[in-house]
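*Asks:* Here is my input, please return the structure:
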Amino acid sequence: MTQDLIILSVSLVVIIIGAEIFTNAIESLGAKLKFSEGVTGSIFAAVGTAMPETMVPLVAIFAGNSAHVSEEVGVGAILGAPFMLSTLAMFLVGIASVVFKKRRRKDVIHPEHTGLKRDLEFFLFVFSIAFFVAFTPPTWRLLRIFVALMLVLSYFYYVMETVRASNALAKDGHSTKESKNLYLSAIFKDHMFFVVVQLIIAIGLIIAAAKGFVSGVEHLAEVLGIPVIALYLLIVPIATEMPEKFNSIIWIRQGKDTMAVGNITGAMVFQGSLLPAIGIFLTPWTINLTVMASSIVTLIAAIYIYILTIKKIKITFPMLIANGILYILFVTIVLGGM
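*Replies:* As a prediction, the model looks like this:
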């Protein structure tokens, strides 16, 4: 038990360090390429920090001891990631806005409106399709392949639309700005090559630490008798989603709300399209009641943020308490039913 807690603590510290190095490199990359904060947060940061949760279901599907359990775990991990982002991650962003209120000099979380609306619309579209296709018979193979391909194409279309909107947003004052010089520039020249090197170092640290965190959590869950599906639906995503959470908290502290929220919603689009496409290709893609409930909660949380966005209601911490409540209620019900 003590060894597991040490591994968890060390892994957490390394993830935080990796997130800081990553955000610094991502800001430098976005600034050098003259992209808007929306592109930097919703695409570059979102895809980069999605590496740990992308690996978990793949490892579960390919390396599991039992085919049935592996498939169940894989599906649970895939659909559990957006659940964690739409509820807990959004709630933590709200908390961060209060904690760093004096530094930010504002109460409202103010991401760029059109980008947030686009992210949520794409997510609700792809995730709904991925969710509902789970209710079709596994024998409808052609339909499922078609849906998987559509999810992949939808994500690339989303990337194109986000990049297309970047130029106008950058000219309108939403260009990516570096809050600090590239860390490696203290040793080497501030060159694109070293931006990429720093990104690789950061992602490597994050993935290695997330893997250590997951291993520690798995062992603790075994000791505590937590079912494997609950582990991969509730506990593992806490570790694998840490890069998004810490990156967003760092950007909230710096007052870069578009990048902070875009990092979360962009990751939701990525995880709601490409990961389900992989799951549909590689598994029977059937869900149990627990996974079904988590998916419904995910959609409710995303729709709630979408309504705030289209109604142009100011996003403040009290508004995001609802996302935290959804997370706590779901976890309480799942753990209470064990």
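*Asks:* Buried ones in stretch 185-194, by neighbour count?
*Replies:* Ser185, Phe194 (16 or more other CB atoms under 10 Å). C-beta: built from backbone N, CA, C; applies to glycine.
*Asks:* List the contacts of it.
*Replies:* By CB atoms under 8 Å, 6 or more residues apart in numbering, the residues outside stretch 185-194 that reach it are Ser28, Leu29, Lys32, Asn181, Leu182, Leu184.
*Asks:* Which of those fall within helices?
*Replies:* Residues of the contacts of stretch 185-194 located in helices (DSSP state H): Ser28, Leu29, Lys32.
*Asks:* what's the burial count for the last one?
*Replies:* Going back to what we said before, that points to Lys32. Lys32 is flanked by 15 other residues according to other CB atoms under 10 Å.
*Asks:* Find the nearest non-adjacent residue to it, please.
*Replies:* Spatial nearest neighbour of Lys32, chain neighbours left out: Met192 (5.9 Å); criterion: CB to CB, 6 or more residues apart in numbering.
*Asks:* distance of that neighbour from Phe35?
*Replies:* Using CB to CB, to the nearest Å, Met192 is found at 13 Å from Phe35.
*Asks:* and Pro276, what does it touch?
*Replies:* Here Pro276 is in contact with Ile78, Leu79, Val126, Phe127, Ala130, Ala148, Leu151, Trp285 (CB under 8 Å, 6+ apart).
*Asks:* Next, format these as JSON lines and append distance to Leu116, secondary structure and neighbour count.
*Replies:* Formatted as JSON lines, the contacts of Pro276 follow (distance: CB to CB, whole Å; DSSP: H, G, I helix; E, B strand; the rest coil; neighbours: other CB atoms under 10 Å):
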{"residue": "Ile78", "distance to Leu116": "24", "secondary structure": "helix", "neighbour count": "31"}
{"residue": "Leu79", "distance to Leu116": "22", "secondary structure": "helix", "neighbour count": "29"}
{"residue": "Val126", "distance to Leu116": "16", "secondary structure": "helix", "neighbour count": "27"}
{"residue": "Phe127", "distance to Leu116": "16", "secondary structure": "helix", "neighbour count": "24"}
{"residue": "Ala130", "distance to Leu116": "21", "secondary structure": "helix", "neighbour count": "25"}
{"residue": "Ala148", "distance to Leu116": "27", "secondary structure": "helix", "neighbour count": "23"}
{"residue": "Leu151", "distance to Leu116": "21", "secondary structure": "helix", "neighbour count": "24"}
{"residue": "Trp285", "distance to Leu116": "29", "secondary structure": "coil", "neighbour count": "22"}
